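Asks: Fold the following and give me the result.
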Amino acid sequence: MIKKIFKYILVLILGFAIILAFNIKCIIRTLIGIPCPGCGMTRAWIEAINFNFYEAFKFHPLFLLAPILIILIIIRGKESTDKYTKYIDISIVAIIILFLGVYVFRMYRYFPSDIPMNINRESILFRIINLIKGL
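Replies: Numbering: from 1, shown residues only. Model prediction:
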């Protein structure tokens, strides 16, 4: 169990290093130009760390649920059959549904102009489309 958690932490650190090295703010927005359900999460945590909770909730209202979701997924990944597995599964599904619901609302309310739900016209997909249009 400890080795598995260590591997997860190592993968997370490596992922963050790549994101920082290439200045990628959001992989989804970099690739396809539209925000993902977690868009604004990093900025929300930065604001929370600086005790700007109002701004943190503006960037992503569910930022506090992200670490809980990750912990639940790691716990669930140990393939146990104990009596709590059902409750863990229900919690994971409920949090994911909540994230998707908030995403739909934010896309309806704020897309395509309000940060962090703004469109990225410099994304790889937009560049490909513009390249094809130019042919």
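
Asks: any low-confidence regions in this protein?
Replies: For the chain, the stretches flagged by pLDDT under 70 are 1, 79-81.

Asks: three-state assignment of the residue most central in space within it?
Replies: Closest to where the C-alpha atoms of the chain average out (CA atoms, centre = their mean) is Gly38, at 2.9 Å. What DSSP: H, G, I helix; E, B strand; the rest coil gives for Gly38 is coil.

Asks: correct me, but it touches Phe59?
Replies: No: with contact defined as CB atoms under 8 Å, Gly38 does not reach Phe59; the gap is 10.7 Å. Every residue, glycine included, has its C-beta placed from N, CA and C.

Asks: and Met117, backbone torsions?
Replies: Backbone torsions of Met117, given as degrees, to the nearest 10, read phi -100, psi 30.

Asks: what's the nearest residue to Ile28 if we skip its chain neighbours?
Replies: Cys36 (3.8 Å; CB to CB, 6 or more residues apart in numbering).

Asks: isn't that neighbour right up against Thr30?
Replies: No: judged on CB under 8 Å, Cys36 makes no contact with Thr30 at a distance of 10.5 Å.
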